[in-house]
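Novice: Here is my input, please return the structure:
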Amino acid sequence: MEILAIRAGQLLLILLLAVLIIGGLWFVLRFRRTMLLLGGRDIADGQVADAVVLFSEEHLGSYLQGETYYTFQVHVKPARGRNFVTEVHVLREQLTRIPQAGDRVSVKYNYAGRKRTVVLNLDSISAV
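Specialist: Down below sits the predicted model:
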């Protein structure tokens, strides 16, 4: 009986560790998603460019405290350099008007290594 008690204790310990690891991974992924959605505030020294919204999608009840957010696929046309297409995530509460496909917007972007950080200039949304 003592052998079964030790194995049951070990099984309980393994189960507890598995729950802690899965909970930690879930928290890290949720925190990463939150930082991606709220990111872009440190882009003050970025470059301004014109962009056209190619695609707009609403995500109801995201993992960010149940808030609705939008994903926009934009075609950025910088003054210098190559044009590029990227996705931008914006919380619903930050939008006064929701850009639709074909709308022209102003964006601010910055290069961080190989990845571009792009933020919509929400005051410049106008229909084509």
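
Novice: Do a quick rundown of the strands in the protein.
Specialist: Applying DSSP state E to the chain gives strands spanning 47-59, 69-77, 84-91, 104-112, 115-126.

Novice: Output the ones you listed in JSON lines, with mean neighbour count appended to each entry.
Specialist: To be clear about C-beta, it is placed using only N, CA and C from the backbone, and glycine gets the same treatment. Formatted as JSON lines, these follow (neighbours: other CB atoms under 10 Å):
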{"stretch": "strand 47-59", "mean neighbour count": "16"}
{"stretch": "strand 69-77", "mean neighbour count": "19"}
{"stretch": "strand 84-91", "mean neighbour count": "16"}
{"stretch": "strand 104-112", "mean neighbour count": "17"}
{"stretch": "strand 115-126", "mean neighbour count": "15"}
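
Novice: In terms of pLDDT, where does the closest residue to V90 other than its chain neighbours sit?
Specialist: Excluding the flanking residues, the one nearest V90 by CB to CB, 6 or more residues apart in numbering is Y70, at 5.3 Å. Looking at Y70, its pLDDT is 85.

Novice: Next up, the contacts around Y70.
Specialist: Y70 makes contacts with S56, E57, E58, H59, H89, V90, L91, R92, L95, I98, as judged by CB atoms under 8 Å, 6 or more residues apart in numbering.

Novice: With pLDDT and distance to V76 as added columns, please give these in CSV.
Specialist: Formatted as CSV, the entries for the contacts of Y70 read as follows, by pLDDT from 0 to 100; distance: CB to CB, whole Å:
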residue, pLDDT, distance to V76
S56, 89, 16
E57, 88, 18
E58, 85, 22
H59, 80, 22
H89, 83, 15
V90, 82, 15
L91, 81, 21
R92, 80, 22
L95, 80, 19
I98, 85, 19
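
Novice: and which of those is nearest L16?
Specialist: Out of these, the one with the shortest distance to L16 is H59. That distance is 33.7 Å, counting by CB to CB.

Novice: For R104, see how far away the closest residue to E58 other than its chain neighbours is.
Specialist: Nearest residue to E58, sequence neighbours excluded (CB to CB, 6+ apart): Y70, at 5.6 Å. Y70 sits 17 Å away from R104, taking CB to CB, to the nearest Å as the criterion.
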